[in-house]
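1. model this:
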Amino acid sequence: MAGQFRYVTPVEPQGATGLVARVYAQLANDFGMARMAVFLTLSPAEEVLAATWATLRESLLAGDEPRTAKEVVALGVSMANRCPFCVAAHTTLLHATGDHRLAETIAAGGTPADPRHAELLAWARTGRVAASVGAEHIGTALIFHFINRMASALLTENLLPGNLQNSRLVRSVGGRVMSRTVRRPLPPGASLPLVAGLPALPEPSWGAGTAAGAAYAVLRAVAGAGAHLLGEAARAAVTSAVAAWDGEHPPMGRAWLDGPLAGVPAAERPGAALALLAALAPYRVTDADVAAWRGSRPDEDLVRLCAFGAITATERMEAFITGRAAAAHAKPGGRS
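-> From the prediction side, this is the model:
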């Protein structure tokens with residue numbers, strides 16, 4: 001499936017060593033797949049890979065909340081972020097939970113019959129404050145705001161060859177194949193040894209004392225470290241633009257980039273543009289955007305720069321989700 005990867009040559013499982021190999025081994029055991037494109041594309045930056053996996057595992061896979069409910073959140077966020085790769089994947093994983101009607105209802109744009117699922121889907125798609133969500137729901141929403149951006153920037157839309165993921169039958173069969181693993185309960189915290197010793201910011205208030213919160217604290221630190229790949233003016237432009245972002249998809253075209261980039265020196269603009277696209281419109285990243293910044297930089301740097309943009313936007317969404325954003329600006333009906 002080399003055609004899935006746009007700009008990165010991944011570390012393949014058979015050639016992985018060290019931390020990457022350890023992440024792949026746990027991913028294969030706990031997720032049930034030895035080769036997942038989203039994680040493969042992060043593999044050149046092993047700390048980003050490990051922290052992304054840990055946050056996903058501790059939010060989506062482990063814990064006390066029903067997996068079906070959390071898959072609804074993952075799917076709702078992915079739909080809001082216009083990430084067809086992730087939408088297809090989590091429609092299939094909803095099938096794997098055994099709720100085939102729910103999976104296809106959401107895929108078709110409908111409202112779940114179960115009131116709780118309808119509530120979670122609406123929350124995931126709008127990002128508005130909801131009193132009835134816990135750390136696992138919030139962690140799931142945030143990790144998919146991050147993963148959606150990385151997938152949209154660095155992968156094609158082809159989850160399966162020939163876009164077979166668009167077939168309801170294929171999704172249903174794929175879900176049945178994965179059902180045993182998806183329905184197996186997993187203990188919290190098993191991924192935390194993978195990120196032990198990596199930089200970490202303080203645990204978020206929504207997840208303090210939980211494995212999901214601990215993993216997310218590491219993700220914020222290691223993804224945010226990609227800021228060092230930009231000059232001071234470029235970093236300031238990206239953070240300021242995202243801090244003022246209202247959560248909506250940017251207007252079509254490229255004119256919306258002109259304002260944030262106006263004060264950035266010409267040599268720093270390609271990096272700032274790429275990071276801003278990864279944050280706010282990752283599905284619009286082009287070959288030209290990558291080439292303008294990349295030069296001879298390795299895959300690791302590209303992953304880290306996109307991770308900086310993605311986590312900056314994810315932190316902004318965290319503010320909306322947890323109610324810290326000013327009410328006048330808390331209207332994220334669509335994202336990227």
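2. contacts, neighbours, all on C-alpha from now
-> Will do.
3. what's the distance between residue 294 and residue 280?
-> Residue 294 is 20 Å from residue 280, where distance means C-alpha to C-alpha, to the nearest Å.
4. Give me the more crowded residue out of these two.
-> Applying other C-alpha atoms under 10 Å to residue 294 and residue 280 shows that residue 280 carries more neighbours, namely 25 against 16.
5. wait, isn't the more buried one in contact with residue 311?
-> No: if you go by C-alpha atoms under 8 Å, residue 280 and residue 311 don't touch, sitting 10.8 Å apart.
6. What segments of the stretch 201-336 of the chain are helices?
-> 211-224, 232-243, 258-261, 269-280, 287-294, 299-322 (DSSP state H, counting those that start in this stretch).
7. repeat for the stretch 51-200 of the chain
-> 67-80, 84-96, 100-107, 115-126, 135-154, 168-182, 192-195.
8. Reformat the ones you listed as CSV; add mean neighbour count.
-> Putting those into CSV (neighbours: other C-alpha atoms under 10 Å) gives the following:
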stretch, mean neighbour count
helix 67-80, 26
helix 84-96, 25
helix 100-107, 19
helix 115-126, 20
helix 135-154, 27
helix 168-182, 18
helix 192-195, 18
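9. what does the domain assignment say about this structure?
-> 17-190, 226-329 (automatic domain parsing).
10. Which one, of the ones you listed, ends up nearest to residue 196?
-> Nearest to residue 196, of all these, is domain 17-190, at 9.9 Å by C-alpha to C-alpha.
11. What count of nearby residues applies to residue 262?
-> 11.
12. for it, phi and psi?
-> Per-residue torsions, residue 262: phi -60, psi -40 (degrees, to the nearest 10).
13. Check the gap between it and residue 281 for me.
-> Residue 262 is 19 Å from residue 281, by C-alpha to C-alpha.
14. Low-confidence ranges, the stretch 1-150 of the chain, go.
-> Confidence mapping of the stretch 1-150 of the chain against pLDDT under 70 gives the ranges 1-2, 128-131.
15. swap in the stretch 201-336 of the chain?
-> 324-336.
16. middle-most residue in the chain, spatially?
-> By C-alpha atoms, centre = their mean, the chain has its centre lying nearest to residue 147, at 1.5 Å.
17. which residues touch it?
-> With contacts defined as C-alpha atoms under 8 Å, 6 or more residues apart in numbering, residue 147 is in contact with 38, 52.
18. quick one: it from residue 33, how far?
-> Per C-alpha to C-alpha, residue 147 is found 17 Å from residue 33.
19. and the gap between the residue nearest to residue 210 when sequence neighbours are not counted and residue 10?
-> Leaving aside its sequence neighbours, residue 210 sits nearest to residue 135 (C-alpha to C-alpha, 6 or more residues apart in numbering; 7.7 Å). As judged by C-alpha to C-alpha, residue 135 and residue 10 stand 31 Å apart.
20. likewise residue 314?
-> Residue 314 is 24 Å from residue 10, where distance means C-alpha to C-alpha.
21. cool, residue 125 as well?
-> 31 Å.
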